[in-house]
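**Q** Next comes the sequence, and after it the predicted model I'd like to discuss.
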Amino acid sequence: MTKRAPKGAVGTPAKTAEAPAKTVKAPAKAPAKAPAKVPAKAPAKAGKPESRLGMVRRARKINRELAEVYPYAHPELDFRNPFELLVATVLSAQTTDLRVNQTTPALFAKYPTPEDLAAAVPEEVEELIRPTGFFRAKTKSIMGLAAALRDDFGGEVPRRLDDLVKLPGVGRKTAFVVLGNAYGVPGITVDTHFMRLARRWKWTESDDPVKIEAEVAEIFPKSEWTMLSHRVIFHGRRICHARKPACGACPIAHLCPAYGEGETDPEKAKKLLKYEKGGFPGQRLNPPPDYPGRPAPPLGGEA
């Protein structure tokens, strides 16, 4: 009996031989299904729309990181008082701050006060501000606002938004530049750079400056509005350009939904950087002490 037991056991291995055959088929099916599921889920996650909370958190992180990149951000118009800042900002329409800064020294040397400018000969003012473009319309605006300051505000630039926007040539953008940088009143300056970056970063889908201002104001605390404006505008002028942004040299590329619209190669992107980021002079002839770049040359001077 003990010798025949192994013969009876011969049938047992025959049955167990079938079991491995079944287990071999099961794993063969599993790997076939697994790869099909993984790629199918990945695009779905990547394509999920960003929540409002997610956008706000990303926007505030962009602001914090821009504060580290541009700790020296400032208004890029040269001015010594609220009147000079107001006039310079009006002149900056459709031209660069650099060209305004190269033009205003002669203007303010001849007309240092609202009273002086209001009493000027228009043709003489036109000749002085000709380099800024649209000089006839701008002459009318700055002489008109100078007369309004003289007649209605005792020669002083008002501190209220409602009063400022009533002055000739002064809109909300100009008013917030003056309020924020001359009087310390928080405001969001929505210029072309701010509009472009706010849309690229998905802070807004609007192309209306007033709507953009309102939507961005809901994202950031009021105390950040003025410096946020400087940082965004700085970034737009130096790195995130309109035609060819330097994506490959952008320090906040990891937070940008529009990454890839511009040059992504790091070496090629570096060549697109402007002002101090590219090793060139800045826009101000008299920049603040903490500005790391070179001052701009005067009108007719070499860079």
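**A** Yep, that arrived.
**Q** What ranges does the stretch 201-303 of the chain have for its helices?
**A** Assigned by DSSP state H, counting those that start in this stretch, the helices in the stretch 201-303 of the chain fall at 209-217, 225-238, 266-270.
**Q** wait, which of these is closest to residue 161?
**A** Smallest distance to residue 161 across these (CB to CB): 11.5 Å, for helix 209-217. In this view, the C-beta of every residue, glycine as well, is placed from N, C-alpha and C.
**Q** ok, now which ones touch residue 107?
**A** 87, 125, 128-129 (CB atoms under 8 Å, 6 or more residues apart in numbering).
**Q** for stretch 93-101, what is the average pLDDT?
**A** Mean per-residue pLDDT for stretch 93-101: 96.
**Q** again but with stretch 221-233, I slipped
**A** pLDDT averaged over stretch 221-233 gives 98.
**Q** Mind exporting the C-alpha coordinates of that stretch to CSV?
**A** Extracted C-alpha coordinates of stretch 221-233, given in CSV (Å, rounded to 0.1, in the frame of the first residue of the first chain):
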residue,chain,number,x,y,z
PRO,A,221,-5.7,92.5,-1.0
LYS,A,222,-5.9,96.2,-1.5
SER,A,223,-2.6,96.8,0.2
GLU,A,224,-0.9,94.9,-2.7
TRP,A,225,-2.5,96.8,-5.6
THR,A,226,0.1,99.4,-6.3
MET,A,227,3.2,97.2,-6.0
LEU,A,228,1.4,94.4,-7.9
SER,A,229,1.0,96.8,-10.8
HIS,A,230,4.7,97.7,-10.8
ARG,A,231,5.7,94.1,-10.7
VAL,A,232,3.4,93.0,-13.5
ILE,A,233,4.4,95.9,-15.7
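**Q** any residues touching it, and which ones?
**A** 63, 66-67, 69-70, 73-76, 176, 180-181, 184, 186-189, 191, 193-194, 197-198, 216-217, 220.
**Q** With stretch 156-169 instead?
**A** By CB under 8 Å, 6+ apart, stretch 156-169 touches 82-83, 86, 90, 93, 138, 140-142, 144-145, 148-149, 153, 170-172, 174-176, 178-179, 182-183, 185, 187.
**Q** start to end distance for it?
**A** 17 Å (CA to CA, to the nearest Å).
**Q** What residues sit buried inside that stretch?
**A** 157-158, 164, 167, 169 (16 or more other CB atoms under 10 Å).
**Q** Also stretch 61-70?
**A** Neighbour counts over stretch 61-70 (16+ other CB under 10 Å) mark 62-63, 65-66, 69-70 as buried.
**Q** Stretch 183-202 now?
**A** 185-191, 193-198, 200-201.
**Q** Among those residues, which pair sits farthest apart?
**A** Farthest pair in the buried residues of stretch 183-202 (CB to CB) is 185 and 200. Separation: 27.7 Å.
**Q** if we can go back for a sec, deepest-packed of the helices of the stretch 201-303 of the chain, please.
**A** helix 225-238 (a mean of 23; mean count of other CB atoms under 10 Å).
**Q** Cool, thanks, signing off.
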